[in-house]
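Q: Have a look at this prediction, sequence included:
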Amino acid sequence: MIRFFGHRYLAPMYDDAPEVHPPTGALCAWCGEVFLATDDGIVVDAVGLETVALSDGTDGLPYHRVCFLRTIIGSVAHVEERCSCFVPGADEGDPPGMTKRQAAELALRRSYERNP
Ligand SMILES: [Zn+2]
Ligand SMILES: [Zn+2]
């Protein structure tokens, strides 16, 4: 089951999702950065992984919202269709010089620009 913290966005993913407090001090499962009380995020169930205890008594794997979406939409290169899915042998990684979270934010922006 998906839970969320921070802002509730108008997206199907949020429809039945219970709200929990931001898991401050825990690390994002994608970017590895520590959660702040002001972060927006998503928590998913995880079996066999180290999970984080949540304010509703459940536990799960927390992501920043952008980091969770990055795991679905792919890298900037993938969104722009210049990764190895589209160009044989091409690089599909995040842009160099960016943190994983910055690259996730950029991938999301590029995705919205391409699919407004
Ligand atoms: Zn993150
Ligand atoms: Zn790709």
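A: Structure received. Here the structure is a predicted model, which means the values were calculated and not measured. Numbering: from 1, shown residues only. Ligands and ions are numbered 1, 2, ... in the order given.

Q: Report the contact partners of the spatially closest residue to residue 1 that is not a sequence neighbour.
A: Spatial nearest neighbour of residue 1, excluding adjacent residues (C-beta to C-beta, 6 or more residues apart in numbering): residue 45 at 6.1 Å. Where C-beta positions appear, they are placed from N, C-alpha and C, glycine not excepted. Contacts for residue 45 (C-beta atoms under 8 Å, 6 or more residues apart in numbering) come out as 1, 60, 61.

Q: Please report the distance of residue 45 from ligand 1.
A: Distance, residue 45 to ligand 1, using C-beta to the ion, to the nearest Å: 18 Å.

Q: For that residue, grab phi and psi.
A: Dihedral angles phi and psi of residue 45 (degrees, to the nearest 10) take the values phi -70, psi 150.

Q: Local confidence estimate at it?
A: In the prediction, the pLDDT value recorded for residue 45 is 95.

Q: so where do the helices sit in this structure?
A: Using DSSP state H, the helices of the chain run over residues 65-73, 76-79, 100-114.

Q: now the ones you listed as CSV including mean pLDDT and mean neighbour count?
A: Listed next are the helices of the chain as CSV, based on pLDDT from 0 to 100; neighbours: other C-beta atoms under 10 Å:
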stretch, mean pLDDT, mean neighbour count
helix 65-73, 95, 20
helix 76-79, 94, 22
helix 100-114, 95, 17
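
Q: which of the contacts of residue 45 lies closest to ligand 1?
A: Ligand 1 has its nearest neighbour among those in residue 61, at 11.4 Å by C-beta to the ion.
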